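>>> I need the structure of the sequence given here:
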Amino acid sequence: MDYIGSLKSVFLKSIKQGASDLHLISKQVPIVRVDGKLRPVAGESVLSDEICEALIGLTLKPEQVKVLKQEKEIDFSFNFDGSRIRANIYFEQGRVAGSFRFIPSKVLSINQLGLPPIIQEFANIEKGLLIVTGPTGQGKSTTIASLIEYINQNFSRHIVTIEDPVEYLFNSGKSIISQREYGTDTMSFDRALKSALREDADVVFVGEMRDLATFDAVLTIAEAGHLVFTTLHTNEAAQTPSRIVDAFPKNQQIQVRQQLANVLAGIVSQRLIHKATGRGRLPACEIMVANAAIRNLIREGKDHQIQSVIQTSANEGMITLDQVLADYVAKGQVTLEEALLWASDPRQFKQMVF
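Model prediction:
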């Protein structure tokens, strides 16, 4: 059997279907995710144990095979036919399985992505912390990639990315870009973050705030006068400060609140919502700009009041997720049923719409 040809065929069919992700699991047909929904890859058959393992094995280097056998899972990325693919290989029921995410080769602009123009303003500042939040698969990395490319094309800066693994690949424009991958370019996420302070960086992108050490390093880098972009899995902008502060021991939390209030530029909480037409998705972004009122609430531990500030600060570019969804419903771009699936407060949301 031509395993190489079969793997290429599955990848190409997935890309043609507009897939964001591909799943190869033994005893199942290859499955793709298109517009957030799972469906079989057209024209493919059920994978046997042997074929599934062989196809996945073609994506692994010898040293990665060793890591997989030892750790039972591995993250990495590679190029395929002009596309960038992020992979997670793992074991299920003692058999090898793989999830592959397709990263577009071209970085789209904020406008092309349909994002609010105010998001681009976060790339015009020289220092501060922007956090893009939301569930997995909602376009967080794509939004930050757009900001990085905007800086790359318009400013002379040194941009350092620290990722696990590297997703979007950038070509230096007016800026120079250093992309560091955990496991390849650095063996310690924590050390890579600390090293960024000695690499003459102007802009630092941290792929994800994942633990206490990362939270601490991100705040330190921003406090040192850098512009820092990062992602975090929280559902609302207003929840994010508490999520960060609560990661620290109690005796450090007052200090952390001061740090966060001083460096925070803004928080974008992002979702991708199915269009009413049934084809494609629209970005819905809750925007929080760290103005004086927001900073004071963070310092004083009154995070529960942040949402009301966002609701009443439209003149500063702030907007809640529910306000965005209500606008989409009013314009007929999103169905009420779809909007209710994502609304923060479904009961209050119905009152906003009717």
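
>>> domain ranges for the chain, per the record?
3-103, 118-319 (automatic domain parsing).

>>> return the most buried member of those.
domain 118-319 (a mean of 19; mean count of other Cβ atoms under 10 Å). Glycine gets a C-beta too; all of them are placed from N, C-alpha and C.

>>> give the rounded mean pLDDT of that domain.
Averaging pLDDT along domain 118-319 gives 95.

>>> so which elements touch the helix or strand harbouring Val218?
Per DSSP states H and E, Val218 falls inside helix 212-223. Other helices and strands packing on helix 212-223, by 3 or more Cβ pairs under 8 Å, 6 or more residues apart in numbering; DSSP states H and E, are strand 128-133, helix 189-196, strand 203-206, strand 227-232, helix 253-263.

>>> tell me the helix or strand right after the longest one.
Along the chain past helix 253-263, the next helix or strand (assigned with DSSP H and E) turns out to be strand 264-274.

>>> mind giving me the packing neighbours of that following strand?
When contacts are defined as 3+ Cβ pairs under 8 Å, 6+ apart, strand 264-274 sits against strand 128-133, helix 140-154, helix 240-245, strand 281-289, helix 292-300, helix 321-330, helix 336-342.

>>> related to what we said a few turns ago, identify the residues contacting the helix holding Val218?
Contact partners of helix 212-223, identified using Cβ atoms under 8 Å, 6 or more residues apart in numbering, comprise 127-129, 189-190, 193-194, 196-197, 204, 206, 208-209, 228, 230, 244, 247-248, 256, 259-260, 262-263.

>>> and stretch 184-198, by the same measure?
Counting by Cβ under 8 Å, 6+ apart, 76, 160, 162, 164-165, 179-180, 182, 204, 206, 210, 213-214, 217-218, 220-221, 224, 226 sit against stretch 184-198.

>>> before we move on, what about stretch 233-250?
Contacts of stretch 233-250 (Cβ under 8 Å, 6+ apart): 131, 133-136, 208-209, 211-212, 215-216, 232, 253, 256-257, 260, 264, 267-269, 286-288, 298, 301, 303-304, 306-307, 310, 321, 344.

>>> now swap in stretch 303-313 and tell me
Taking contacts as Cβ under 8 Å, 6+ apart, the residues outside stretch 303-313 that touch it are 236-239, 241-242, 286-289, 291, 293-294, 297-298, 318-320, 323.

>>> 6 Å instead?
By Cβ atoms under 6 Å, 6 or more residues apart in numbering, the residues outside stretch 303-313 that reach it are 238, 241-242, 288, 293-294, 297, 318, 320.

>>> same check on stretch 82-96?
Residues outside stretch 82-96 that contact it (Cβ under 6 Å, 6+ apart) are 26, 49, 53, 56, 59, 68, 72-78, 97-103, 105, 167.

>>> what about that stretch, distance to the chain center?
Centroid separation for stretch 82-96 versus its chain: 19 Å, with Cα atoms, centre = their mean, to the nearest Å.

>>> just the mean pLDDT for it, thanks.
94.

>>> then stretch 22-30?
The average pLDDT within stretch 22-30 is 98.

>>> bridge partners for the residue nearest to Lys275 when sequence neighbours are not counted, pull those for me.
Sequence neighbours aside, Leu282 is the residue nearest to Lys275 in space, at 5.9 Å (criterion: Cβ to Cβ, 6 or more residues apart in numbering). Going by DSSP bridges, Leu282 is paired in beta bridges with Ile273.

>>> which parts of the stretch 51-200 of the chain are strands?
Under the criterion DSSP state E, counting those that start in this stretch, the stretch 51-200 of the chain contains strands at 73-80, 83-92, 95-103, 128-133, 158-163, 176-181.
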